[in-house]
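1. What follows is a predicted structure for the sequence shown.
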Amino acid sequence: MTGSSGDRTVSVVLPAYNEEATIEGTVEMALSALGEFLPTDSFEVIVAEDGCDDRTPEIAERLADADDRVRHHHSDERLGRGGALEHAFATASGETLVYFDTDLATDMRHLEELVESVRSGEYDVATGSRWMPGNEADRPAKRGVPSRGYNLLVRTVLRSDLRDHQCGFKALSREAFERLRDDIEDDHWFWDTELLVRAQRAGLAVKEFPVDWEPKGDTKVDLIRDVVGMGSQIVRLWWQLSVAPRVGRRETAAAGFLLVVAAAALMTQYLDLGAVLAEMRRADTELVVAATVLYAASWPLRGYRYRDILRELGFHERTGFLTGAIFISQTGNLVFPARMGDAVRAYVVKVRRGIPYPSGFASLAAERVFDLLTLAGLAGVVLVGYAASGQFAEVLVAVAGGDDAGRVAVYVAMAVGLAAVGAVIGIVLSARSDANRVRALVEAVSDDSYGEYVATVLERFVGDVQRVGGDPAAFARVGASSVVIWVIDVLVAALVLAAFGVGLDPVTLLAVCFFAVSVGNLAKVLPLSPGGIGLYEGAFTVLVIGLTPITFPVAFGAAVLDHALKNVVTVVGGIVSMLVLNVSLTTAVEESADASEAEPLHE
């Protein structure tokens, strides 16, 4: 920070990113407009320069050296528009904090009303509006229509009383800033909207007044900023303000439980559960116990594989701790809907070992890539074997003739499998070429600074995944452990199916289970139910009865028992791991829900 603050009561912040062509004129205009109604020593103008790569820092430094009312707030990295404002406000000396866009689209004759509305103590927050009666906002349709649509959405979804949330012409008191700053999570374009919405929810006095506004330069609807960025932030803020306060830990757990109960209730409409339960009671207990022990023994292999993935990202952790983290996250997937447990692992390794969230998510993504590649590969090998033996037609008949749930599961598995193989090939090829094309892809649909912000986060994420796939030795180790993990999973299913006395020869038994387990796990990739319950059983059953003489009650009973014993081992391991690591699953789910936004660029 350069320049002298002195005893200033009003601080005007100009958020600047690559503004070399306009920043000097904007600062001069701000000083002149403020001097018309304030004593010359009562205000300061702060250039909040946000990681610029042009001459803006040099110009801002020169202006600060020439006038002690001007200060230069420099950042080496991109903080985002909201982040730059927040950091500058935190170091500003004034009790009245003001900011407006450097393009001076809003007529400066409104500056006195903006400042005095807050400085007088009558309002906590003041904002200009381009959509109130009495103003002049000459907006072309390509700017006006999206703006009106966005503001209507904010008013409807977030229950705001204001007409214009994104006008870059706002003021707030120091007290209001300190009260709201920790609650505002967005650090880019949505910061303005979140400030106004949270101010209203906090009961602060907010003034909206009409301003004359003239667009400067051209603009367009930006896919990354307007759709991905702003849309997701509206949903996030709606959830935090309207849903989260009414949904506690018990309600969240109950929702997952009710989904499972509903799925079970629907099954009774087309399943003879009596016959299924009868077959399950006749299963060989010793084989079921052997399957359970074998599955439990495979879990350290999961920790070992995760250790190898993290090592490639530069983090060295013990296999035991990582096995516990996986147990906890997989338990979260069983308890909560929409695979909410996936983010729990990133939370656990962040809180307990300090591994940054982007690396935590990247390591999870790398693991998923190897899982999908292994599952698709196993299914493909068996499918090729069936085709070579002339039994490929039987597979198609099995899928087409199965029940609705089974067909949906298999079709989902096929679609996910194809997409997974394509994604894996793309990542592997990208890793081999050492080329990260994320930024080029993002810039193809966005030329806004928010797109660059998103590209920076994604580049790090994809880069971490590529580091695992780009090292041949690491790729071989992780790939080999993935194959062993899923072979054990298949052997467990084979033991369970054998426990029902199906009378299949070992080769046929293993071949069928390789195919059924692979497709069943691909089917449950989509978060349609907690733990994929129903999808796995449906796909497994359809394939088993289509490829063998096994009857439906036996096949379905084996599928249910196989999935159930695996889930029981997972839950028991998760509970023990939570006790050992002192982790609350509900707290982890709540905290990890915002993990991707918590600190994406500052680690």
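-> Received the coordinates, thanks.
2. Identify each buried residue in the helix or strand hosting V490, please.
-> Using DSSP states H and E, V490 sits within helix 472-499. For helix 472-499, burial by neighbour count (16 or more other C-beta atoms under 10 Å) applies to 474-475, 477-479, 481-482, 485-499. Using the backbone N, CA and C atoms, a C-beta is placed for each residue, glycine as well.
3. what about the stretch 101-250 of the chain, any weak spots by pLDDT?
-> 134-146, 216-229, 244, 246-250 (pLDDT under 70).
4. Tell me which stretches of it form helices.
-> 111-119, 141-157, 174-180, 191-201, 230-238, 249-267 (DSSP state H, counting those that start in this stretch).
5. Any idea what the closest residue to L172 other than its chain neighbours is bridged to?
-> Nearest-residue entry for L172: V125, 4.5 Å, with adjacent residues in sequence omitted and distances by C-beta to C-beta, 6 or more residues apart in numbering. Counting by DSSP bridges, V125 forms beta bridges with L172, V206.
6. any idea how far F169 is from W213?
-> 8 Å (C-beta to C-beta, to the nearest Å).
7. can you list residues touching both of the two?
-> Jointly contacting W213 and F169 under the rule C-beta atoms under 8 Å, 6 or more residues apart in numbering are T106, G128.
8. the more surrounded of those two?
-> Set W213 next to F169 and count neighbours by other C-beta atoms under 10 Å: F169 wins out with 26 against 23.
9. Look at the closest residue to that one other than its chain neighbours and say how many residues are nearby.
-> In space, and not counting its chain neighbours, F169 is closest to G128: 3.6 Å by C-beta to C-beta, 6+ apart. Other residues near G128 come to 28 when the count uses other C-beta under 10 Å.
10. Mind listing residues that contact stretch 116-126?
-> The contact list for stretch 116-126, computed with C-beta under 8 Å, 6+ apart, reads 9-10, 37, 95-96, 98, 113-114, 170-173, 175-176, 195-196, 199, 204-209.
11. Quick one: work out the angle between whatever helix or strand E286 lives in and helix 472-499.
-> When secondary structure is defined by DSSP H and E, E286 falls within helix 285-297. Here helix 285-297 points in a direction 160 degrees away from that of helix 472-499 (axes from the mean of the first three to the mean of the last three C-alpha atoms, to 10 degrees).
12. Which strands and helices lie in contact with helix 285-297?
-> Packed against helix 285-297 by the contact rule (3 or more C-beta pairs under 8 Å, 6 or more residues apart in numbering; DSSP states H and E) you find helix 472-499, helix 552-581.
13. Make TSV from these and add distance to I23 and mean pLDDT to it.
-> Shown next, in TSV, are the helices and strands packed on helix 285-297 (distance: least, C-beta to C-beta, whole Å; pLDDT from 0 to 100):
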stretch	distance to I23	mean pLDDT
helix 472-499	47	90
helix 552-581	50	86
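14. buried set for stretch 372-380?
-> For stretch 372-380, a neighbour-count test (16+ other C-beta under 10 Å) marks L372, L373, T374, L375, A376, G377, L378, A379 as buried.
15. how close does the first one get to V478?
-> Yep, that's L372 we're talking about. Taken as C-beta to C-beta, the span from L372 to V478 is 13 Å.
16. Could you break this protein into its assigned domains?
-> Following automatic domain parsing, one gets these domains for the chain: 10-244, 298-598.
17. would a markdown table of those with distance to A283 be doable?
-> Formatted as a markdown table, the domains of the chain follow (distance: least, C-beta to C-beta, whole Å):
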| stretch | distance to A283 |
| --- | --- |
| domain 10-244 | 43 |
| domain 298-598 | 4 |
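18. Figure out which of those domains is closest to R282.
-> domain 298-598 (7.3 Å; C-beta to C-beta).
19. picking that back up, residues making contact with the helix holding E286?
-> With contacts defined as C-beta under 8 Å, 6+ apart, helix 285-297 is touched by 488-489, 491-493, 495-496, 498-499, 561-562, 565-566, 568-569, 573.
20. Which of the residues in whatever helix or strand comes next after that helix are classified as buried?
-> For helix 285-297, the following helix or strand on the C-terminal side (DSSP H and E) is helix 299-312. Neighbour-count burial for helix 299-312, counted by 16+ other C-beta under 10 Å, picks out 299, 301-312.
21. so the longest helix along the chain versus helix 299-312, what angle?
-> As assigned by DSSP state H, the longest helix anywhere in the chain is helix 357-388. Calculated by the same axes, to 10 degrees, helix 357-388 forms an angle of 120 degrees with helix 299-312.
22. for helix 357-388, packing partners?
-> Other helices and strands packing on helix 357-388, by 3+ C-beta pairs under 8 Å, 6+ apart, are helix 299-312, helix 342-353, helix 392-401, helix 404-433, helix 449-470, helix 472-499, helix 506-523, helix 595-598.
23. separation between V45 and V583?
-> Distance from V45 to V583, by C-beta to C-beta: 48 Å.
24. T102 now?
-> 46 Å.
25. So which of these two has more stuff around it?
-> A count of neighbours by other C-beta under 10 Å puts T102 above the other of T102 and V583, at 24 against 19.
26. which stretch of helix or strand covers the residue lying closest to F552 once chain neighbours are set aside?
-> Spatially, and ignoring its direct neighbours in sequence, F552 is nearest to I545 (5.6 Å; C-beta to C-beta, 6+ apart). Per DSSP H and E, I545 falls inside helix 535-547.
27. which residues touch S584?
-> Taking C-beta under 8 Å, 6+ apart, we find S584 in contact with M578.
28. Per-residue pLDDT of it, please?
-> Listed pLDDT for S584 reads 71.
29. what separates it from F475, distance-wise?
-> Taken as C-beta to C-beta, the span from S584 to F475 is 36 Å.
30. which regions of the stretch 301-450 of the chain sit below the pLDDT cut-off?
-> Ranges of the stretch 301-450 of the chain meeting pLDDT under 70: 335-341, 380, 382-450.
31. Many thanks, we can stop here.
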